[in-house]
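*Asks:* Okay, structure incoming, though there's no sequence with it:
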């Protein structure tokens, strides 16, 4: 056991995934939105999200690789083979894969599209002489950009919740293995 076993790395990686996702979703993001002026909040999130989504994408892979096998010599092996074993399909494979896929979608697609729309809104603000979040009326271009941003933000939030739920579901499985 000890440092040469995958088990401690598995538990630590799980803790990082759940803790990072919980904190960013339910604490850090909300407090930042409440206390920072909108431009600083946008700048902060634009800088944090690529790192955050990379962490959320990488850690489920670490969980799959470090999956601890059975203590029984005739039980399920550890690592990726144990992770992919048919007996782990619903308890391990699906929740960890759902967390990975949700985070990857945010990292590779939704996040970059949202940033692109934010940049387009900044340009439109200069053209309109009005912030995207100011009271209406807005130009048709800004209305379209605000609608696109709202949709992408909603999709990103749902994907983030998907990562969180997958992590919690796997946590229940993991807790059964520890007890």
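*Replies:* Here it is on my side, so go on. Every value quoted in this text rests on a predicted model; they were computed, and no experiment measured them.
*Asks:* ok, now which ones touch residue 25?
*Replies:* 160, 161, 164 (C-beta atoms under 8 Å, 6 or more residues apart in numbering). C-beta coordinates here come from the backbone N, C-alpha and C atoms, glycine included.
*Asks:* Give me the distance between it and residue 178.
*Replies:* 25 Å (C-beta to C-beta, to the nearest Å).
*Asks:* Mind jotting down where the helices sit in the protein?
*Replies:* With DSSP state H, the ranges of helices along the chain come out as 6-23, 29-35, 38-65, 79-84, 94-105, 111-128, 140-178.
*Asks:* Residue 5 and residue 45, how far apart?
*Replies:* Counting by C-beta to C-beta - residue 5 and residue 45 are separated by 38 Å.
*Asks:* Of the two, give the one with the bigger neighbour count.
*Replies:* residue 45 (20 against 13; other C-beta atoms under 10 Å).
*Asks:* Roughly how far does the more buried one sit from residue 97?
*Replies:* Taken as C-beta to C-beta, the span from residue 45 to residue 97 is 26 Å.
*Asks:* Who's the closest spatial neighbour of residue 7, skipping the chain neighbours?
*Replies:* residue 68 (4.4 Å; C-beta to C-beta, 6 or more residues apart in numbering).
*Asks:* which residues touch the one you found?
*Replies:* 5, 6, 7, 10, 78, 82, 177 are the contacts of residue 68 under C-beta under 8 Å, 6+ apart.
*Asks:* again, 6 Å this time
*Replies:* Going by C-beta atoms under 6 Å, 6 or more residues apart in numbering, residue 68 touches 6, 7, 10, 78.
*Asks:* and which of those is nearest residue 107?
*Replies:* Set against residue 107, the nearest of the contacts of residue 68 by C-beta to C-beta is residue 10 (22.1 Å).
*Asks:* State the distance from the closest one to residue 109.
*Replies:* 28 Å.
*Asks:* can you check residue 119 too?
*Replies:* Counting by C-beta to C-beta - residue 119 and residue 109 are separated by 16 Å.
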